[in-house]
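Participant: Fold the following and give me the result.
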Amino acid sequence: MHKDESDYVRDLVRKDQVKNAEFYATLSAIEAGYQSGVSERNLGMVTK
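Facilitator: Sure, this is the predicted structure:
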């Protein structure tokens, strides 16, 4: 567990930073996909 309140708060902050980093990485990937445009290929072409 945590040895004191300060250690607990640091742990919460660390977990929040990891969660935010994962969120922004996902958001960035979504934006990159959006910016790449619409593919000319259909599902059959993609799954070959």
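
Participant: how near is residue 17 to residue 47?
Facilitator: Distance, residue 17 to residue 47, using C-beta to C-beta, to the nearest Å: 38 Å. To be clear about C-beta, it is placed using only N, CA and C from the backbone, and glycine gets the same treatment.

Participant: of these two, who's got more company?
Facilitator: Counted by other C-beta atoms under 10 Å, residue 17 and residue 47 do not tie: residue 17 has more neighbours, with 10 against 7.

Participant: How many residues are close by residue 11?
Facilitator: 12.

Participant: wait, what's in contact with it?
Facilitator: residue 2 (C-beta atoms under 8 Å, 6 or more residues apart in numbering).

Participant: can you give me the helices for this structure?
Facilitator: Here the chain has its helices, by DSSP state H, at 5-35, 43-46.

Participant: What's the mean pLDDT across the first one?
Facilitator: This means helix 5-35. Throughout helix 5-35, pLDDT has a mean value of 97.

Participant: Could you give me the buried positions within that helix?
Facilitator: Within helix 5-35, no residue counts as buried by 16 or more other C-beta atoms under 10 Å.

Participant: Report the distance from that helix to the chain centre.
Facilitator: Offset of helix 5-35 from its chain centre (C-alpha atoms, centre = their mean, to the nearest Å): 7 Å.

Participant: and residue 10, what does it touch?
Facilitator: Residues near residue 10 by C-beta under 8 Å, 6+ apart: none.

Participant: Pull up the distance across stretch 41-48, start to finish.
Facilitator: 11 Å (C-alpha to C-alpha, to the nearest Å).

Participant: tell me the mean pLDDT over that stretch?
Facilitator: The model assigns stretch 41-48 a mean pLDDT of 90.

Participant: how far does it sit from the chain's center?
Facilitator: Taking mean C-alpha positions (C-alpha atoms, centre = their mean), stretch 41-48 and its chain are 27 Å apart.

Participant: cool, stretch 2-9 as well?
Facilitator: Distance, centroid of stretch 2-9 to centroid of chain: 27 Å (C-alpha atoms, centre = their mean).
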